[in-house]
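Asks: 3D model of this:
(one chain, ligands or ions: 1)
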Amino acid sequence: MSNRREFIKGSAILAAGFAVSSEAIAKNTKKADLPVYVDKLTDDSGKYAALPLPFAFDALEPVIDARTVELHYQFHHKPAVANANKAEEALAHARETSDFALVKHYEKELAFSLSSHILHTIYWTNLSPKGGTPSAELSQAIDQHFGSFDKLKAQLLAAANGVEASGWGILGYLPSTKKLIVLQCENHQKLTTWGVIPLLVLDVWEHAYYLKYQNRRGEYTSAIFGVLNWDNVSARFNSAVRQSA
Ligand code: MN3
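Replies: Numbers count the residues shown, from 1 in each chain. Purely as a prediction, here's the structure:
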């Protein structure tokens, strides 16, 4: 039970983009006592919404100039929020009309725009004119997983600087391995949405079905619904819901 609770808390921290080492924390704090950090991505009606910036446009001068912050927030973050809402509405319409002709387009739109919204929300909260240093727990985890803060910084900068075209350098935490990890992300998403916890996964690589179904992927994906373990999916759902409480 306590393992499960620890897993839940750790995953929630990842979902919030706030990385800590559960091992480091265990020495100092009961994980169950750690506050859950969940980004606010929606308004009261459930529509995606951008929170006001946690600082004035000019607060990050001279590192990031006021005009850049204003353009970034108003004309990059906010349109992503609007497009995520539009994509969800289009997918709802597709379900109502059973017309999935454009599902690929709108799934891509949703992944791109919602991932943009999530990462920008984390980005703004990751910044402060006051600056700062990692907590003792995070420092310990960084030393453990990267050797030192300087080594983490070197890897993170190399990853960020090496992104082909547009993207992000990301420090994250994977609860199932209890490891901090640096990710290099192209665009915002590559068809993932950050923080989503997988509940049910359908492997559609050809190796998963080709011997029996050859090129008929649709037959395989339909048939697999006869052997899904919904008890397992439901247990994963309950665990995920706990993290947003
Ligand atoms: Mn941006």
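
Asks: mind naming the longest helix for the protein?
Replies: helix 103-126 (DSSP state H).

Asks: distance check, the nearest residue to Lys86 once chain neighbours are set aside against Pro79.
Replies: Excluding the flanking residues, the one nearest Lys86 by CB to CB, 6 or more residues apart in numbering is Glu109, at 7.4 Å. C-beta here means a position set from N, CA and C on the backbone, and glycine is covered the same way. Plainly put, Glu109 is 12 Å away from Pro79 if you go by CB to CB, to the nearest Å.

Asks: look at these two and report which has more neighbours.
Replies: Ranked by neighbour count (other CB atoms under 10 Å), Glu109 and Pro79 place Glu109 first, with 18 against 14.

Asks: pLDDT score assigned to the more buried one?
Replies: You'll see Glu109 listed with a pLDDT of 94.

Asks: give the residue spans of the protein that score low on pLDDT.
Replies: The chain contains residues with pLDDT under 70 at 1-31, 191, 245.

Asks: just give me the residue closest to the centre of it.
Replies: Nearest to the mean C-alpha position of the chain, by CA atoms, centre = their mean, lies Trp194 at 1.8 Å.

Asks: just to check, that residue is in contact with Leu119?
Replies: Yes - assessed by CB atoms under 8 Å, Trp194 is found in contact with Leu119 at 6.3 Å.

Asks: quick one, what contacts the residue nearest to the centre of the chain?
Replies: If a contact means CB atoms under 8 Å, 6 or more residues apart in numbering, then Trp194 has Gly17, Ser115, Ile118, Leu119, Ile122 as its contacts.

Asks: and if we set it to 6 Å?
Replies: Residues near Trp194 by CB atoms under 6 Å, 6 or more residues apart in numbering: Ser115, Ile118.
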